[in-house]
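**Q** Fold the stuff below for me.
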Amino acid sequence: MKYLRPIFLLLALSALGLRAELSLPPVFTDNMVLQRDGPVPVWGQAAPGAQVTVSFGGQNKPATADAAGHWRVTLDPLPANAEPQILEVVESFRREQSVVSSLRYTNVLVGEVWLAAGQLNMEFPLSRETHAAAELPAATNNSIRLLNLTFSGQYFYSRPFAAREADALTPEHFYQGTWQNCSPAVAKGFSAIAYYFGRDLRQDLNVPVGLIHCAIGGSPTEAWIRRGALEQNPGLAAMFHGNWLTNTVLDDWCRQRGRENLNASLTAGVALPGDDAGPNHPFKPGFLWAAGPARLAPFAVRGVLWYQGESNSLEERRVRQHEILFPLLVRDWRAAWGQDLPWLYCQLSSIRTNSYQSAGWPEFRDQQRRFLATIPRTGMAVTSDHGAPGDVHPREKREIGRRLALIARAQVYGDDVESSGPVPLRAEAKDGVATVFFSHAAGLAGAEGQGMHGFELAGRDGLFHPAETVPAAAAVQLTAPGVSHPCRVRYGWQPFSEGNLVNAAALPASTFELTVAAP
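**A** Below is the predicted model of the structure:
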């Protein structure tokens, strides 16, 4: 009999005429930016069977809530508009011929919307960036809108989560934030890279720009991927074999941080939110997917900005695993939005191994370079020339944001601008001289007028030696003492890269390794 009580309660509520409250996902707030020139989904909850009408920019789009109360409309493509408008959502019932409830979102603009995610180098706030003292006072711009999604446990690092943080470890409550006009007070806590990207884009396109930021310091790639997608991959399914905190398939450091944050609560017998894979945490496989993109999609965005990888490069096996994880990540997010979103990502920077477990960074950076050829609609900003020898979070972010904006301008918006440093195409050898051919090769030189550094050659014995360089037309010629038959060439192959090759746009080349072919 006790199992029937909820049914009787629902029947009673229905008899009294009580209804589900009209609501939209938290990404819809005052001050937001809607994406221009494409379909704009608007969705939410209402009473089952209710008529819902969305009005914006002269459009009135109706929908009927289904049996579970879900409804969705799609606004027709909107032109860019910097004049504030109102998005109104009205719930009504035919039998009552009157409005039951309504929601109004004010100060809404139409322009370009980008979503920024990853780990701490993307989360890194503008207030701590190298140029903050000059930039922050000039950060007032009502045509730039920021949605900074702060999260449970932010800046706790290795400290135990307090009860409030632990209780909020659910997809529904993990993130908090509302759209706000860009101002010094708002921008100082926002992602520095995303801010600079949006600022440059706004100046170039002269349309409103909306930036959504949800990066989590230290988060591994697998946390951002849907659990079902991970489980369906034979190489990744073991991530869900038992409690993630004790699952050695996962990174030791990530599990350590999870225990540092959660063990006090677990030892005290506190019931933490979780499932069969263990308690929730931002480093748990699949959790950030459920808290972030799963709740943001299909809010219309132009593309994704991504800076992540440090937590997936601490061990050799994890570097190899990332070869599977990253393409899956991109596919999974694109599937959630139902389109091939442009995906612009930052390559790992540079740091010495005596400060960090960075021995695998050259291979990781080269892997990221190779993704450009295998994953369509991607772009990569090289960052190795702005690393810090002893800091995994270098403070120079303005230049990185600028490079991402250049890629967006060239690849997404069709501007005639150079957006890439020299890209290696192939390597050939003749008479002991190896020649590496490049695209984006106008003005090949060492940065700041120096000689070219960072090239190495290996012969048949596989041992690499520093190479001497001679620039040629769209190429660099290499020789090395003791290497009479060059077989491999590599560049920038140090955790703290010594490479300094740039083109006429002063954009740097990526770390790479190539097989040298006979002509």
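
**Q** any idea where the strands of the stretch 51-200 of the chain begin and end?
**A** 51-56, 59-64, 70-75, 81-93, 98-118, 141-148, 150-151, 175-176, 179-182 (DSSP state E, counting those that start in this stretch).

**Q** quick one, helices of this structure?
**A** Using DSSP state H, the helices found in the chain span residues 5-15, 120-123, 132-135, 163-167, 184-187, 192-205, 227-231, 252-267, 287-291, 293-296, 316-337, 361-374, 398-407.

**Q** Return the list of helices and strands in contact with the second one.
**A** Using 3 or more CB pairs under 8 Å, 6 or more residues apart in numbering; DSSP states H and E as the contact criterion, the elements in contact with helix 120-123 are helix 192-205, strand 303-307. Just so you know, the C-beta spots here come from the backbone N, C-alpha and C atoms, and that holds for glycine as well.

**Q** In the first one, which residues are buried?
**A** Read it as helix 192-205. Judged by neighbour count using 16 or more other CB atoms under 10 Å, the buried positions of helix 192-205 are 192-202, 205.

**Q** Next up, the contacts around Ala336.
**A** Neighbour list for Ala336: 226, 293-294, 297-298 [criterion: CB atoms under 8 Å, 6 or more residues apart in numbering].

**Q** Need the residues that contact stretch 313-333.
**A** Under CB under 8 Å, 6+ apart, the answer for stretch 313-333 is 221-222, 224-226, 229-230, 233, 235-236, 251-253, 289, 293, 297, 304, 309, 312, 341, 343, 348, 357-358, 360-361, 363-364, 367-368, 371, 374-375, 378.

**Q** can I assume Tyr195 is in contact with Ala187?
**A** Yes: at 5.7 Å, Tyr195 counts as touching Ala187 under the criterion of CB atoms under 8 Å.

**Q** hmm, back to that, I'd like to know which of the contacts of Ala336 is nearest to Gly421.
**A** Lowest distance from Gly421 to these (CB to CB) belongs to Pro293, with 29.9 Å.

**Q** Break this structure down into its structural domains.
**A** Split into domains by automatic domain parsing, the chain comes to 19-110, 111-412, 423-517.

**Q** just for the stretch 1-150 of the chain, where's the confidence low?
**A** Under the criterion pLDDT under 70, the flagged ranges of the stretch 1-150 of the chain are 1-20, 95-98.

**Q** Please name whichever of the helices of the chain is nearest to Pro471.
**A** Here helix 361-374 is closest among these (CB to CB), at 21.1 Å.

**Q** coming back round to it: and the helices of the chain, which one averages the lowest pLDDT?
**A** Lowest mean pLDDT of the helices of the chain: helix 5-15, a mean of 35.

**Q** Next, format the buried residues of helix 192-205 as a markdown table and append distance to Gly451.
**A** Compiled in a markdown table, those are given as follows (distance: CB to CB, whole Å):
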| residue | distance to Gly451 |
| --- | --- |
| Ala192 | 32 |
| Ile193 | 31 |
| Ala194 | 36 |
| Tyr195 | 36 |
| Tyr196 | 31 |
| Phe197 | 32 |
| Gly198 | 37 |
| Arg199 | 35 |
| Asp200 | 31 |
| Leu201 | 35 |
| Arg202 | 39 |
| Leu205 | 39 |
